[in-house]
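>>> predicted coordinates and the sequence they were generated for:
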Amino acid sequence: MSHKKIPYYDFKKELQVIKDYNLLLLYVYRLVKKFPESETYLVNSIKEQLGHGLESIMLAKRVYKDEHLKKLEYLNKAQAHINTLLVLVRLSRKMNYINSKNYTAWSYYITKVDNHLTNWIRALIKHEKD
């Protein structure tokens, strides 16, 4: 009798927003290593927004299907963290801690995640109306 090994986590089956958020995390963590050591506040603020955003998405994912208002609350919080992150990215560019190529890539990852969140919110609102 053979036993099939069951993976504890299958990233291929994960929500696309979480996959894209993971790419954002990887990009940002590589990039902030290049910031000046004196900018610990900015780096910590960036990491904090990333962490809170991810936590909000994970909480929205875990909310029961019939609790749309709670799910919407978490998704709105995630969007607020993503939008705050975008402000910090702009500041990083203005302070010349990142170049225009980094700014474009970072903004792209943020926009991609934000679009997923917007679509998820719209789907929930549409479902509530039906």
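Sure thing, it's come through. None of the values given here were measured: they were computed from a predicted structure.

>>> who's in contact with Val28?
Under the criterion of CB atoms under 8 Å, 6 or more residues apart in numbering, the contact list for Val28 reads Ile46, Lys47, Leu50, Trp106, Tyr109. (Glycine included, C-beta is placed from N, CA and C.)

>>> identify the farthest-apart pair in these.
Largest separation among these by CB to CB: Lys47 and Tyr109, giving 14.9 Å.

>>> so which of those two has more stuff around it?
Taking neighbours as other CB atoms under 10 Å, Lys47 and Tyr109 compare with Tyr109 leading, 20 against 15.

>>> confidence-wise, which helix or strand of this structure is lowest on average?
In the chain, the helix or strand scored least confidently by mean pLDDT, DSSP states H and E is helix 100-129, which has a mean of 93.

>>> just the element for the spatially most central residue of the chain, please.
The C-alpha lying nearest the average C-alpha coordinate of the chain belongs to Tyr21 (CA atoms, centre = their mean; 4.2 Å). Tyr21 belongs to helix 16-32 when assigned by DSSP states H and E.

>>> Phe35 too?
Here Phe35 sits in a region with no helix or strand, counting by DSSP H and E.

>>> next, the angle helix 16-32 makes with the helix or strand encompassing Lys77.
Assigned by DSSP H and E, Lys77 belongs to helix 68-94. Between helix 68-94 and helix 16-32, the angle formed by their directions is 30 degrees, by axes from the mean of the first three to the mean of the last three CA atoms, to 10 degrees.
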